[in-house]
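Trainee: I would like to see how this sequence folds:
(chains A and B)
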Number of protein chains: 2
Amino acid sequence: MRSKMRVSALNLMDLLNQPSYHHIFRQFHNKKCHKGERVSGPGMRNDNILIVSSGQLRVFLSYGEREFTLYYLESGDIFSTHTRAYIEAVKESVILTLPTKIFHQLLMTYPEIGMQMTGILGDMLGSSWDIIESIIFHDAKTRLIAFILSLGKERGMVTENGTEFECDLTMEDISLIIGSTRQTTSSLFNVLIKDGDIMRIGKNKYAIGDITALSIRLAEYKA
Amino acid sequence: MRSKMRVSALNLMDLLNQPSYHHIFRQFHNKKCHKGERVSGPGMRNDNILIVSSGQLRVFLSYGEREFTLYYLESGDIFSTHTRAYIEAVKESVILTLPTKIFHQLLMTYPEIGMQMTGILGDMLGSSWDIIESIIFHDAKTRLIAFILSLGKERGMVTENGTEFECDLTMEDISLIIGSTRQTTSSLFNVLIKDGDIMRIGKNKYAIGDITALSIRLAEYKA
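Mentor: Predicted coordinates for the structure are as follows:
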């Protein structure tokens, strides 16, 4: 399971920040989004593409009172407001928007942007399959361990505690990522701490004692 | 839930069949695939894009002995051999393949193909979210009814029996689409027949007695 903390390794901003694309960049509309603000949802009529300039936004599906997190968008990530998913700012954020129609014209003029879009959409598709695989074939405990390992591998630093990583997600946030209830996620998490697999080092700071051993355990759970 | 019987409404063959693209078409390699043949899998090294010329192929995830069907590919659908999914011919099929590297060069020269690719990938992404939503928020019965309704709406003909449609999928096939066991799928299907919601009209032929009533029931189940 990917950590969902990165939609794609490709960063459209790296391309658009080049001097030769400045005239494109100028066509984007700058928008501040406050923490907790609903940026887009399936009911809304606007059809824009958005690029995250700064901050963090959550993309999720919702049904009745239930939610499921698909991705977290960070600086450089691109998305569309015209999907069935909801987008919400989880931190103070700045996004750049452009009507999809105009973006399509850009794709015709600058095929390299289209190429990059194809790569980003391919990554998002792969990430969706990760989610499907983890839900269909694995249980919540396996999904939680996979998620923690993905964080450790993506942003972990080796210290005397093992693999330390920062994570400011609440149990609620994590439960919406792994597709379980907050209660189940919380008790599974506490078992991992009790068993010494992970340690709480400080505020929003954790360590995986032995990342290799936990990876092996994960492979065993999955089998 | 989409019926998965169509990856995208966009058809790349319609574009490539135009006279101005014949020289591109000629670069593709023609390959016959026998029924049951494994065309591609995550272990294989080749990195091609494939377009279905005729027949039908199934794209699925596999874990141990378990499988889950993501899409059925039919004439005009495009896919990549370089993913974590398996591709298998379910009917005698002909596919056209082209190394991904060469396809990328084409995207740079013909941005309209890139545009169409963006649309197709967007549709596939939406379809993946449909799957995630149906698994996370709904049970197997709801998923089965949604799947049957999607077939009825997509290919049904109104007759004195209700909405008639053809379906040559086995219970095993359907269970891999809705993400349930063959046994559960089979007994849920029999309940729908016993309750008069659907009728078996003949070989591979079914009818939904009252498609509006079943749609309303589905909405109620989902609530």
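
Trainee: Going by C-alpha atoms from here, please, whenever you check contacts or count neighbours.
Mentor: Fine.

Trainee: Can you show me the helices along chain A?
Mentor: Here chain A has its helices, by DSSP state H, at A:12-16, A:22-25, A:100-109, A:111-137, A:140-155, A:171-178, A:182-194, A:211-222.

Trainee: can you redo the ones you listed as a markdown table with mean neighbour count and mean pLDDT?
Mentor: Listed next are the helices of chain A as a markdown table, based on neighbours: other C-alpha atoms under 10 Å in any protein chain shown; pLDDT from 0 to 100:
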| stretch | mean neighbour count | mean pLDDT |
| --- | --- | --- |
| helix A:12-16 | 15 | 83 |
| helix A:22-25 | 12 | 87 |
| helix A:100-109 | 16 | 92 |
| helix A:111-137 | 21 | 91 |
| helix A:140-155 | 20 | 93 |
| helix A:171-178 | 19 | 95 |
| helix A:182-194 | 16 | 96 |
| helix A:211-222 | 14 | 89 |
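
Trainee: Out of those, which gets nearest to residue A:92?
Mentor: helix A:171-178 (17.1 Å; C-alpha to C-alpha).

Trainee: rewinding a little: okay if I get the helices of chain A as JSON lines plus distance to residue B:105?
Mentor: Shown next, in JSON lines, are the helices of chain A (distance: least, C-alpha to C-alpha, whole Å):
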{"stretch": "helix A:12-16", "distance to residue B:105": "18"}
{"stretch": "helix A:22-25", "distance to residue B:105": "23"}
{"stretch": "helix A:100-109", "distance to residue B:105": "15"}
{"stretch": "helix A:111-137", "distance to residue B:105": "9"}
{"stretch": "helix A:140-155", "distance to residue B:105": "32"}
{"stretch": "helix A:171-178", "distance to residue B:105": "37"}
{"stretch": "helix A:182-194", "distance to residue B:105": "46"}
{"stretch": "helix A:211-222", "distance to residue B:105": "39"}
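
Trainee: Please convert those helices to a markdown table, extending it with distance to chain B.
Mentor: Converted to a markdown table, the helices of chain A look like this (distance: least, C-alpha to the nearest C-alpha, whole Å):
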| stretch | distance to chain B |
| --- | --- |
| helix A:12-16 | 15 |
| helix A:22-25 | 17 |
| helix A:100-109 | 5 |
| helix A:111-137 | 5 |
| helix A:140-155 | 12 |
| helix A:171-178 | 10 |
| helix A:182-194 | 15 |
| helix A:211-222 | 9 |
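
Trainee: Which one of the ones you listed lies nearest to residue B:101?
Mentor: Residue B:101 sits nearest to helix A:111-137 of all the helices of chain A, at 11.7 Å, using C-alpha to C-alpha.

Trainee: now that closest one, how far from the centre of its chain.
Mentor: Offset of helix A:111-137 from its chain centre (C-alpha atoms, centre = their mean, to the nearest Å): 12 Å.

Trainee: Which elements pack onto it?
Mentor: If contacts are counted by 3 or more C-alpha pairs under 8 Å, 6 or more residues apart in numbering or on different chains; DSSP states H and E, helix A:111-137 sits against helix A:100-109, helix B:100-109, helix B:111-137.

Trainee: If I look at the most centrally placed residue in chain A, what pLDDT would I see?
Mentor: Computing the C-alpha centroid of chain A and ranking residues by C-alpha atoms, centre = their mean puts residue A:72 first, at 2.8 Å. pLDDT for residue A:72: 92.

Trainee: and what of residue A:20?
Mentor: If you check residue A:20, the pLDDT there is 88.

Trainee: And residue A:1, by the same measure?
Mentor: 51.

Trainee: Read off the pLDDT value for residue A:6.
Mentor: Residue A:6 is given a pLDDT of 66.

Trainee: follow-up on the earlier one: select, out of the helices of chain A, the one closest to residue A:89.
Mentor: Closest among the helices of chain A, using C-alpha to C-alpha: helix A:171-178, at 13.4 Å.

Trainee: relative to helix A:140-155, how tilted is the closest one?
Mentor: Relative orientation of helix A:171-178 versus helix A:140-155 (axes from the mean of the first three to the mean of the last three C-alpha atoms, to 10 degrees): 100 degrees.

Trainee: Show me chain A divided up by domain.
Mentor: Here the domain parsing of chain A from the TED database is A:12-136, A:138-222.

Trainee: Let's have those domains in CSV, adding distance to residue B:22.
Mentor: Listed next are the domains of chain A as CSV, based on distance: least, C-alpha to C-alpha, whole Å:
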stretch, distance to residue B:22
domain A:12-136, 21
domain A:138-222, 45
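
Trainee: Residue B:78 is nearest to which of the ones you listed?
Mentor: Of all the domains of chain A, domain A:12-136 comes closest under C-alpha to C-alpha, at 12.7 Å.

Trainee: How far does that closest one sit from its chain's centre?
Mentor: That offset, for domain A:12-136, works out to 11 Å (C-alpha atoms, centre = their mean).

Trainee: Against residue B:68, how distant is residue A:19?
Mentor: 46 Å (C-alpha to C-alpha, to the nearest Å).

Trainee: cool, and residue A:181?
Mentor: In terms of C-alpha to C-alpha, residue A:181 sits 24 Å off from residue B:68.

Trainee: Those two - which one has more neighbours?
Mentor: Neighbour count, other C-alpha atoms under 10 Å in any protein chain shown: between residue A:181 and residue B:68, residue B:68 has more, with 23 against 15.

Trainee: Correct me if wrong: the more buried one contacts residue B:61.
Mentor: Yes: with contacts counted by C-alpha atoms under 8 Å, residue B:68 reaches residue B:61, the gap being 5.2 Å.

Trainee: Now stretch A:154-171: buried residues?
Mentor: Across stretch A:154-171, burial judged by 16 or more other C-alpha atoms under 10 Å in any protein chain shown covers A:156, A:162-166, A:171.

Trainee: of all those, which comes closest to chain B?
Mentor: Nearest to chain B among the buried residues of stretch A:154-171 is residue A:171, at 18.1 Å by C-alpha to the nearest C-alpha.
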